[in-house]
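> Give the three-dimensional model of this entry:
(chains A and B)
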Number of protein chains: 2
Amino acid sequence: MEILKNKIKEYGVLISDQVLKVDSFLNHQLDPELIVDIGREFAAIFSQDEVTKILTVEASGIAVALTTAMELKVPCVFAKKNKPSTLQGNVYSSVVYSFTKNETVTISVAGNYIEPTDRVLIIDDFLAMGSASRGLVDIVKQADAALVGVGVVIEKGFQQGGQELRSAGVRVEPLVTIKSLSEGIIEFE
Amino acid sequence: MEILKNKIKEYGVLISDQVLKVDSFLNHQLDPELIVDIGREFAAIFSQDEVTKILTVEASGIAVALTTAMELKVPCVFAKKNKPSTLQGNVYSSVVYSFTKNETVTISVAGNYIEPTDRVLIIDDFLAMGSASRGLVDIVKQADAALVGVGVVIEKGFQQGGQELRSAGVRVEPLVTIKSLSEGIIEFE
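A predicted model of the protein is given here:
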């Protein structure tokens, strides 16, 4: 996705050779036009897959999951962190570790929002070590629903999350893949 | 907003005489069509106010803030909870208490995403005790930006958040106001 690569080149900030900050347009400040384009791109990639539900996890995944859901005209569910008091009854949960926040959280989805008849597309902003994606895949399995695939805006190809998911038979579709962040250079695949 | 009232009547679940659960369409599962309509409604209400930025707080505010931003064609910023490692440098922060989660969190916005020249519209899903909104108003003040107002999808009129903000001179625009949740009945104003 050329427009996204250009945004990353222009506005991405390298924090280290592991961490790319894109919070001026993707996960702190949102560029609505780009977020809509990203949703259209995911919808095009998965247009033949009869998706019935989009699944993401709060918070940074919500924007791109929503625009994908708008385009595919299906509901979007976001897993909650630190289960709120309003989440009761049958709940699917999984434990996820965030490297950027250095914390372990339990993510949860109310049982009635993913059903065995659902064909679920997981959408997220980043795929690095893959902990969040694995947690969401786990939730889809608990719900006995069909997993269509995982769409991520940016995959860090030099970290193992994507590789592990693909080895487990999951279809992973990044809009851009970063090969390396070494020596202060953002190198795309 | 009639379509929203109907959704609440049809799908809202009363947890107690204080708590209304609308997570089948607004803050756990999202109905994309409704979320777009909500954004259009906010955009119409504030169309004359030369808004330059939408501000919300993760996670439930992001969807409606984004669709408002799409309509007004301005960027959307969401305050982060529990400051991630990628948020560095000049940061505006405020302490917020969540009654549904029973926790105190610090919400933060990177200093470069709200500037003194900005005209900021705060958007959120719920206004009850008003802690989140007050935190966001506080951040707008720290940034020396102009506060256009606060748009909320659902105001609980029987709790004091809205009243307190209005007394402080803040323009508050709810799409629907709930007068009471007593005796198992959702009563609108």
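
> okay, residue A:84: pLDDT?
We have a pLDDT of 67 for residue A:84.

> count of residues packed around residue A:117?
Residues within reach of residue A:117, counting by other Cβ atoms under 10 Å in any protein chain shown, total 10. C-beta: built from backbone N, CA, C; applies to glycine.

> gap between it and chain B?
With distances taken as Cβ to the nearest Cβ, to the nearest Å, residue A:117 is found 15 Å from chain B.

> Please name the bridge partners of residue A:79.
On the basis of DSSP bridges, residue A:79 is bridged to residue A:57.

> That one contacts residue A:135, correct?
Yes. Shown here, residue A:79 and residue A:135 form a contact pair, counting by Cβ atoms under 8 Å, at 7.4 Å.

> Would you mind telling me which of these two has the busier surroundings?
Neighbour tally, residue A:79 and residue A:135, criterion other Cβ under 10 Å: the higher count belongs to residue A:79, 28 against 21.

> Now for residue A:79 and residue A:135: what residues contact both?
A:57, A:107 (Cβ atoms under 8 Å, 6 or more residues apart in numbering or on different chains).

> Would you tell me whether the strand ranked longest in chain A gets close to chain B?
Longest strand in chain A, counting residues (DSSP state E): strand A:146-156. No. Strand A:146-156 lies apart from chain B when judged by Cβ under 8 Å from any Cβ of the partner chain; the minimum separation is 13.4 Å.

> which of the residues in that strand are buried?
Neighbour-count burial for strand A:146-156, counted by 16 or more other Cβ atoms under 10 Å in any protein chain shown, picks out A:147, A:148, A:149, A:150, A:151, A:152, A:153, A:154, A:155, A:156.

> next structured bit after it?
helix A:161-167 (DSSP states H and E).

> ok, the residue positioned nearest the centre of chain A - contacts?
Residue closest to the mean C-alpha point of chain A, counted by Cα atoms, centre = their mean, is residue A:124 at 1.2 Å. Residues near residue A:124 by Cβ under 8 Å, 6+ apart: A:56-57, A:60-61, A:64-65, A:132-133, A:136, A:150-153.

> make it 10 Å
Contacts of residue A:124 were listed using Cβ atoms under 10 Å, 6 or more residues apart in numbering or on different chains, and they are A:55-57, A:60-62, A:64-65, A:130, A:132-133, A:136, A:150-155.

> what pLDDT does the residue lying closest to residue A:189 once chain neighbours are set aside get?
Once flanking residues are discounted, residue A:189 sits nearest to residue A:177: 4.1 Å by Cβ to Cβ, 6 or more residues apart in numbering or on different chains. Predicted confidence (pLDDT) for residue A:177: 98.

> give me the element the closest residue to residue A:1 other than its chain neighbours is part of.
Spatially, and ignoring its direct neighbours in sequence, residue A:1 is nearest to residue A:175 (4.4 Å; Cβ to Cβ, 6+ apart). Assigned by DSSP H and E, residue A:175 falls within strand A:172-180.

> relative to strand A:146-156, how tilted is that strand?
Relative orientation of strand A:172-180 and strand A:146-156, computed by axes from the mean of the first three to the mean of the last three Cα atoms, to 10 degrees: 20 degrees.

> one step back: just checking: what are the partner strands of the longest strand of chain A?
strand A:119-127 (parallel), strand A:172-180 (parallel).

> Output those as CSV; include the columns distance to residue B:14.
Formatted as CSV, the strands paired with strand A:146-156 follow (distance: least, Cβ to Cβ, whole Å):
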stretch, distance to residue B:14
strand A:119-127, 29
strand A:172-180, 41
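
> Would you check that residue A:112 makes contact with residue A:89?
Yes. Using Cβ atoms under 10 Å, residue A:112 is in contact with residue A:89, at 7.8 Å.

> who has more neighbours, the two?
Between residue A:112 and residue A:89, residue A:112 has the larger neighbour count (other Cβ under 10 Å), namely 13 against 7.

> For the residue nearest to the more buried one when sequence neighbours are not counted, report the pLDDT, please.
Using Cβ to Cβ, 6+ apart and skipping residues adjacent in sequence, the residue nearest residue A:112 is residue A:90, 7.1 Å away. Per-residue confidence (pLDDT) for residue A:90: 90.

> Count residues in the vicinity of the residue nearest to residue A:189, would you?
Residue A:177: 16 neighbours (other Cβ under 10 Å).

> Next, the contact list for it, please.
Residue A:177 neighbours (Cβ under 10 Å, 6+ apart): A:127, A:152, A:154, A:155, A:156, A:157, A:158, A:162, A:188, A:189.

> so what's the second one bridging to?
Same thing as residue A:152. So, taking DSSP bridges as the rule, residue A:152 has residue A:124, residue A:174 as bridge partners.
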